[in-house]
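Visitor: here is the input, now give the coordinates:
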Amino acid sequence: MTGRPAGTGREDEAILAAEGRRLLGFAAGSVLEPAGFGWLDERGTPVPGSPLPTWIAARMTYVFTLGAQLGVPGARETAEHGVRSLLTAYRDPVHDGWFESLRPDAAAAADARKTAYTHAFVALAAGSATAAGVPGGRDLLDGVAGVLRTRFLDARGRVVEEYDEAFTASESYRGANASMHMVEALLVLGDVEPDAEWHRLALGLAEHLVHGVARAHGYLLPEHFSAQWQPLPDYNADHRDDPFRPYGCTPGHLLEWSRLLVQLEASVAGAPGWLLEDARALFDTAVRVGWQVDGRPGFVYTVDWEGRPVVRTRMHWVVAEAIAAAAALHRRTGEPGFGRWYDEWWRFAREHLVDLEHGSWHHELDPANRPAATVWRGKPDVYHAFQATLLPRLPAAPAAAAALGPLPD
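Guide: Below you'll find the model as predicted:
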């Protein structure tokens, strides 16, 4: 967690690897029997009576798959548990697709909607499990790939946000967040499937939302759209700190997109030059409008369309994505400025986010950088933080699971 970005020294890699193992040790407490993963509190205990979101199960399956590939004790068994759970408890046996969440006992759906956001993470877990050779990974991949093709990617290759349980009606809303995570999933699918169409679809989503929409808005990417992909700049103006659909621009997503564009450039044959140009612009914009703009270290959660802070709460995932983006751009360009940002953000994480007493990272800080829980309760997820420990040690392409290779027999 120090010094050179992009894993350029053995000492740095050892520190990152140790932090990754610590995070997985905390996350192991989420495993539930007979199926699923619980929402963890501040100390790593599943919250009693809490529904079981499918995106949490998919993210846990993903990180434990990577942990198994890295040789972390117990990770293989947890990855297998995750794949089994996604193939059975979380999957709709009648209409297909994956429920949004399960009841606390994992016996039935708590929320039977079908969302692109959740399906993107199921695809990420499935593609990664397939690359690693986790039993059931290929079946999971075949299932979710079919649902993506028939339900969540329209004729133009754009993402349909949400359906009811039976896929009979779709929501009129479209969102950049689900599309961004779909790009992440499609990059993995393109690495494990022989069909280059998955990478072309990922490039098309990025070209529309980043090179088209974000560029036209000075890289302050609108997050919310109508069904015709017209921006809705006032969406959730009365619910500004929504955890998934906040009002305004989200600097953390600019950083996440920046990293994904670097990955796309390394993944797509004949990649266009705008990918690196836009990755730089998104990174610079996020730093300009998000980092310590209210006089204290940290990234604000959201800004308005003039780039002024709206919600000053700090989220752990933003710093994790900032670290990954800085590492990716440093590796791609060799420019020392990205290395300095990488160091600065790891210092911030170590000082304010890494919780050595109770485990994991604090998921949310108030504007004074004290632990808070106004948007997120507990510590339900290690996906972002774990990637901050791993992605700097890997090349931009292929995706992490494909880069780490199959598990030993």
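Visitor: helices and strands around the helix or strand harbouring Ser128, which ones?
Guide: Following DSSP states H and E, one finds Ser128 within helix 116-132. On a contact count with 3 or more CB pairs under 8 Å, 6 or more residues apart in numbering; DSSP states H and E, helix 116-132 meets helix 54-69, helix 75-87, helix 137-147, helix 176-192, helix 400-404. To be clear about C-beta, it is placed using only N, CA and C from the backbone, and glycine gets the same treatment.
Visitor: could the ones you listed go into TSV alongside mean pLDDT and distance to Pro34?
Guide: Formatted as TSV, these follow (pLDDT from 0 to 100; distance: least, CB to CB, whole Å):
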stretch	mean pLDDT	distance to Pro34
helix 54-69	98	13
helix 75-87	98	9
helix 137-147	98	18
helix 176-192	98	27
helix 400-404	98	26
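Visitor: before we move on, back to that, what comes up buried for the helix holding Ser128?
Guide: When neighbours are counted by 16 or more other CB atoms under 10 Å, the buried residues of helix 116-132 are found to be 116-132.
Visitor: how far off centre is it?
Guide: 11 Å (CA atoms, centre = their mean, to the nearest Å).
Visitor: nearest residue to Gln69 in space, please, no chain neighbours.
Guide: Leu404 (3.8 Å; CB to CB, 6 or more residues apart in numbering).
Visitor: for Val188, see how far away the one you found is.
Guide: Leu404 sits 12 Å away from Val188 when distances are taken as CB to CB, to the nearest Å.
Visitor: more neighbours, these two?
Guide: Val188 (28 against 21; other CB atoms under 10 Å).
Visitor: how close does the residue nearest to Gln69 get to Asp191?
Guide: 11 Å.
Visitor: what touches both of these two?
Guide: By the contact definition CB atoms under 8 Å, 6 or more residues apart in numbering, Leu404 and Asp191 are jointly contacted by Ala131.
Visitor: residues near the residue nearest to Pro297 when sequence neighbours are not counted, how many?
Guide: Spatial nearest neighbour of Pro297, excluding adjacent residues (CB to CB, 6+ apart): Phe348 at 5.5 Å. Other residues within reach of Phe348, judged by other CB under 10 Å, total 22.
Visitor: ok, Thr168 next?
Guide: That count, for Thr168 with other CB under 10 Å as the rule, works out to 8.
Visitor: give me phi/psi at it?
Guide: phi -100, psi -20 (degrees, to the nearest 10).
Visitor: common neighbours of Leu404 and Val188, please.
Guide: Ala131.
Visitor: list the contacts of stretch 332-352.
Guide: 1-6, 262, 265-266, 276, 279, 287, 297-298, 314, 316, 319-320, 322-323, 326-327, 329-330, 361-362, 365, 369, 388, 392, 396.
Visitor: using PDB, write out every CA atom in it.
Guide: Output of stretch 332-352 as PDB, limited to C-alpha atoms (Å, rounded to 0.1, in the frame of the first residue of the first chain):
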ATOM      1  CA  ARG A 332      -0.400   2.700 -19.700                       C
ATOM      2  CA  THR A 333       1.400   6.000 -19.900                       C
ATOM      3  CA  GLY A 334       4.400   5.800 -17.500                       C
ATOM      4  CA  GLU A 335       3.600   9.300 -16.300                       C
ATOM      5  CA  PRO A 336       4.700   9.900 -12.700                       C
ATOM      6  CA  GLY A 337       1.700  12.100 -11.900                       C
ATOM      7  CA  PHE A 338      -0.500   9.100 -11.900                       C
ATOM      8  CA  GLY A 339       1.900   7.400  -9.500                       C
ATOM      9  CA  ARG A 340       1.700  10.300  -7.200                       C
ATOM     10  CA  TRP A 341      -2.100  10.100  -7.100                       C
ATOM     11  CA  TYR A 342      -1.900   6.400  -6.500                       C
ATOM     12  CA  ASP A 343       0.400   7.000  -3.500                       C
ATOM     13  CA  GLU A 344      -1.800   9.800  -2.100                       C
ATOM     14  CA  TRP A 345      -5.000   7.800  -2.300                       C
ATOM     15  CA  TRP A 346      -3.500   4.800  -0.700                       C
ATOM     16  CA  ARG A 347      -2.300   7.100   2.200                       C
ATOM     17  CA  PHE A 348      -5.900   8.400   2.500                       C
ATOM     18  CA  ALA A 349      -7.300   4.800   2.500                       C
ATOM     19  CA  ARG A 350      -4.700   3.700   5.100                       C
ATOM     20  CA  GLU A 351      -5.500   6.700   7.400                       C
ATOM     21  CA  HIS A 352      -9.200   6.900   7.100                       C
END
